[in-house]
Structures are given as structure tokens and as C-alpha cells.
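Q: show me the folded form of this:
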Amino acid sequence: MNCEVLTLFPKIVEAAVGDSILKRAAEKGLIKIKVTDIRDFTKDRHKTADDAPFGGGPGMVMKPEPVFEAVEAAQRGAEARIMLMSPQGPAFNHEKALELSKETRKLIFICGRYEGIDERVRSLADEELSLGDFVLSGGEIAAAAVIEATARLIPGVLGDDESAGLDSFYDGLLDYPHYTRPAEYRGLQVPDVLLSGNHAEIRRWRRKEALRATMSKRPDLLQKVTLTPEDKKLLAELEKEKLTQEK
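A: Residues are numbered from 1 along each chain as shown. Now for the predicted structure:
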């Protein structure tokens with residue numbers, strides 16, 4: 001996975017991708033993340049990257065020239081997939097992360113700032129991506145989130161390759177609860193089944209709790225996932241438990 005993030009605030013991205021899992025993955029050569037300052041492509045001594053909007057209005061708009069030149073430099077010598085981080089794009093999700101994790105082209109992320117980015121920059125992008133229906137001050141945090149979510153799915157990036165397969169959304173459901181030592185803390189107990197050593201029962205409990213969490217917090221996801229006969233049986237048990245509690 002080869003990424004380049006184009007931004008006016010490189011330190012924000014560097015702080016997010018330069019440590020922990022992503023740092024180790026880069027050291028192992030599994031991913032490459034370059035952060036480029038768009039101001040390096042400005043032409044004046046003040047490194048001006050924004051200007052007042054035509055037609056008036058509040059705020060400043062990122063100029064097109066340095067962004068175009070930064071993208072052209074990032075593309076040089078490589079096939080690239082260019083993404084503009086924008087609240088107008090479709091929301092990023094696990095399916096998109098899985099798709100990007102298999103991408104062989106270089107991934108270039110354009111991060112906007114200020115009131116917006118010159119509309120002509122959109123012509124550079126193959127697609128737009130957002131984190132959801134809200135607005136951030138810039139695209140840096142969004143780009144870092146996309147990179148981390150994608151990198152986790154690349155074999156070898158996580159210490160245990162099975163970890164990603166157990167994450168929320170990997171199979172369409174939310175994750176099951178996790179516990180570690182001590183078995184009791186301030187009167188709060190770890191479920192007995194996890195201490196039993198019975199792996200079949202532990203697997204069943206985890207699946208049931210994943211279904212419980214999804215049914216309670218994100219019931220919409222149950223409409224999208226393919227349920228096994230065991231899943232349907234577990235859901236029936238959960239519905240019965242719910243009715244019993246309501247009485």
C-alpha cells in the first residue's frame with residue numbers, strides 16, 4: 001500500500017500515521033506513507049495557498065495552482081487513484097477500506113482547508129470521500145482515518161492477522177465484548193464462559209454477544225448480513241430474553 005497525503009498541515013497527518021501500528025508496518029515495508037506540504041508548490045515568498053472567494057463571502061478558499069502541481073508531482077512515475085477528502089463525498093466504511101486495501105495503484109489524498117477548496121480541484125479527483133455527515137476543519141484527520149482503517153486489512157500489518165477478522169463490521173456485525181485480567185474488578189465480573197476453557201461455548205457466546213450488540217445498537221446492519229442457521233437461532237434466543245425482561 002503506497003499513500004501520499006497532500007495537505008497544508010503536514011504535522012497533523014504525521015502525528016496520526018507516524019506511530020504505533022502504522023509506523024511498524026512502514027518499517028516492515030508493508031505500507032509507504034508520504035506526507036507532502038502543498039505550500040511547497042506555491043510561487044511567492046509568503047507561500048500563499050489561499051485567497052478570498054470570487055463573489056464575496058466569509059472565509060478563504062484554497063488556491064488551485066499549488067494543489068494541481070502537488071498532485072502532478074505525486075502522480076509522477078506512478079499509476080494513482082486520487083481521492084479528495086470532502087463532506088460531500090459518500091461516507092467511508094469497511095467495504096471501502098477492504099477495496100482500498102487491495103488497490104495496487106498509489107493512493108493520493110487531497111486535504112482541503114479553510115472555507116473550502118477551489119472547485120476546479122475536483123476535476124483532479126477520481127472520487128470524494130467523507131467520514132460522515134459532519135464537517136471537520138480540514139481533511140487531514142479524515143485521510144489518516146482512511147489510511148489506518150485500510151492498512152489494518154493488509155496481511156502482516158497487525159501483530160495477529162486474525163485480529164482484523166474479529167473487528168466490528170468485518171463480517172457485517174458489531175464486535176463482541178472483550179475482557180482481560182483481572183477476572184473481577186470493583187465487583188464487575190468477567191463472564192464465566194470465558195473462564196471455562198470450553199472453546200465451542202466461548203465461540204457461541206461471542207457470536208451471540210456480537211448479534212446482541214448489533215441488534216441493540218445497529219439493527220440496520222442485520223438487514224445486510226447473511227445470517228447462518230445458528231445466527232437465526234441465537235437471535236431467537238435474544239428476542240425471547242428481551243420479551244422476558246420486558247415483562
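Q: where does pLDDT dip in this protein?
A: 160-170 (pLDDT under 70).
Q: try 80 this time
A: Residue ranges of the chain with pLDDT under 80: 159-171, 247.
Q: mind giving me the domain ranges of it?
A: 2-151, 184-246 (automatic domain parsing).
Q: let me have those domains in a markdown table, extended by mean neighbour count and distance to Leu158.
A: For every residue, glycine as well, the C-beta is placed using N, CA and C. Listed next are the domains of the chain as a markdown table, based on neighbours: other CB atoms under 10 Å; distance: least, CB to CB, whole Å:
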| stretch | mean neighbour count | distance to Leu158 |
| --- | --- | --- |
| domain 2-151 | 17 | 7 |
| domain 184-246 | 13 | 19 |
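Q: mind checking the SS state of Glu128?
A: Three-state call for Glu128 (DSSP: H, G, I helix; E, B strand; the rest coil): strand.
Q: no no, Glu230
A: Glu230 - assigned by three-state DSSP - is helix.
Q: grab the nearest non-local neighbour of it.
A: Closest residue to Glu230 apart from its sequence neighbours, by CB to CB, 6 or more residues apart in numbering: Arg207 at 7.2 Å.
Q: helix or strand: which one has that neighbour?
A: helix 199-217 (DSSP states H and E).
Q: re the thing from before, could you export the domains of the chain as JSON lines, including distance to Asp175?
A: Rendered in JSON lines, the data for those read as follows (distance: least, CB to CB, whole Å):
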{"stretch": "domain 2-151", "distance to Asp175": "12"}
{"stretch": "domain 184-246", "distance to Asp175": "6"}
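Q: can you show me the helices along this structure?
A: 10-17, 20-27, 64-75, 94-101, 140-151, 162-165, 199-217, 229-246 (DSSP state H).
Q: switch these over to JSON lines; also include distance to Val121.
A: What follows is these, written out as JSON lines (distance: least, CB to CB, whole Å):
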{"stretch": "helix 10-17", "distance to Val121": "18"}
{"stretch": "helix 20-27", "distance to Val121": "26"}
{"stretch": "helix 64-75", "distance to Val121": "5"}
{"stretch": "helix 94-101", "distance to Val121": "21"}
{"stretch": "helix 140-151", "distance to Val121": "15"}
{"stretch": "helix 162-165", "distance to Val121": "33"}
{"stretch": "helix 199-217", "distance to Val121": "37"}
{"stretch": "helix 229-246", "distance to Val121": "45"}
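Q: mind checking those helices for the one nearest to Lys47?
A: helix 64-75 (8.6 Å; CB to CB).
Q: counting by contacts, list what the closest one packs against.
A: Contact here means 3 or more CB pairs under 8 Å, 6 or more residues apart in numbering; DSSP states H and E; on that basis helix 64-75 packs against strand 2-7, strand 32-37, strand 80-85, strand 106-111.
Q: and the angle for that helix with strand 32-37?
A: Taking axes from the mean of the first three to the mean of the last three CA atoms, to 10 degrees, helix 64-75 and strand 32-37 form an angle of 160 degrees between their directions.
Q: what does helix 64-75 contact?
A: With CB atoms under 8 Å, 6 or more residues apart in numbering as the contact definition, helix 64-75 has outside contacts at 4, 6, 34, 36, 38-43, 49, 80, 82, 106, 108, 110, 117-118, 120-121, 124.
Q: quick one: which of the helices of the chain is nearest Leu174?
A: Comparing the helices of the chain by CB to CB, helix 199-217 comes nearest, at 4.3 Å.
Q: now the angle between helix 229-246 and the closest one, please.
A: Using the same axes, to 10 degrees: helix 199-217 against helix 229-246 is 60 degrees.
Q: got the contact list for helix 199-217?
A: Counting by CB under 8 Å, 6+ apart, 173-177, 191, 193-194, 196, 221-222, 230-231, 234-235, 237-238 sit against helix 199-217.
Q: again with stretch 35-46
A: 4-8, 10, 13-14, 17, 47-49, 62-63, 65-67, 69-70, 73-74.
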